[in-house]
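> what follows is a predicted protein model with its sequence.
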Amino acid sequence: MPRLDILPQRLPAGLSEALGRSVGRLGVTPNMISLAGLLGNALAAWLVTREALLAAGLVYLVFSLLDLADGAVARATGRATAFGAVFDAVLDRLSEALVLAGCAWYFGERGEYVQAAATYAALFGSVAVSYMRARAEVNGLTMREGLFRRQERVALLTVGLLFNGLAVVVWLLAVLANLTAVQRFWLIARALRKNDGT
């Protein structure tokens, strides 16, 4: 399948290995990092509901960056496991859902119900993008392609929180996440039809 990426999914190999080995020497496991990321994102979600958007953006950025560290530690220390991959993926989805739910709460409390609806649409799109990847893998396909994957969504939401642009960003996320889900569906359908000879 063609690569249509905006941001890289992993750190460069040399940097990833150095980071993984350095953190691994501290006795920190990949699953501990994944769990810390979830807790940090839960804190960011709570800060959003308290209308502390700048603080929420900083916390969200820092703890979302841990998503780059857990995989690096797993690979560098030989602790990469199937369970760890699933654990990380589930916590990533939960982290993103919590922060978007916090944003929907924020808009709802302010009586901005259209923006709240857009946030729920963004949440649906983010789940759909991940679901398309899961369905692809069930059918023996790899699916890392997509215009707006998790790293792009995290980057855009961070910008919205840090620079007081959340109302605009949730609309962009709603459109781009759902377009990415459609894009992935099209890529999967094309690949499966090719495999079926139709």
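In hand now; what should we look at? Numbers count the residues shown, from 1 in each chain.
> and the helices in this protein?
Assigned by DSSP state H, the helices in the chain fall at 13-24, 30-49, 53-77, 82-109, 113-138, 150-162, 166-196.
> give the buried residues for the third one.
By neighbour count, and taking 16 or more other CB atoms under 10 Å as the criterion, the buried residues in helix 53-77 are 53, 55-61, 63-64, 66-77. For the C-beta atoms, the positions are set from N, CA and C on the backbone; glycine is no exception.
> tell me the average confidence for it?
Summarised as a single mean, pLDDT over helix 53-77 is 87.
> tell me what angle that helix forms with helix 150-162.
For helix 53-77 against helix 150-162, the angle by axes from the mean of the first three to the mean of the last three CA atoms, to 10 degrees is 150 degrees.
> which strands or helices does helix 53-77 pack on?
helix 13-24, helix 30-49, helix 82-109, helix 150-162 (3 or more CB pairs under 8 Å, 6 or more residues apart in numbering; DSSP states H and E).
> can you pull the contacts of the most centrally placed residue in the chain?
Central residue of the chain (CA atoms, centre = their mean): R150, 3.1 Å from the mean position. Under the criterion of CB atoms under 8 Å, 6 or more residues apart in numbering, the contact list for R150 reads 67, 92, 96, 126, 129-130.
> what about L26, neighbour count?
8 (other CB atoms under 10 Å).
> residue contacts, it?
Residues counted as contacts of L26 (CB under 8 Å, 6+ apart): none.
> phi, psi for it please.
Phi and psi for L26, reported as degrees, to the nearest 10, are phi -80, psi 0.
> L61 reaches T158, doesn't it?
Yes. Applying CB atoms under 8 Å as the test, L61 and T158 come out as touching, 4.8 Å apart.
> what about the protein, any weak spots by pLDDT?
Residues of the chain meeting the criterion pLDDT under 70: 1-20, 198.
> rerun that using 90 as the cut-off
For the chain, the stretches with pLDDT under 90 are 1-33, 64-82, 84-86, 88-89, 137-151, 194-198.
> and V114, how many residues sit next to it?
By other CB under 10 Å, 11 other residues sit near V114.
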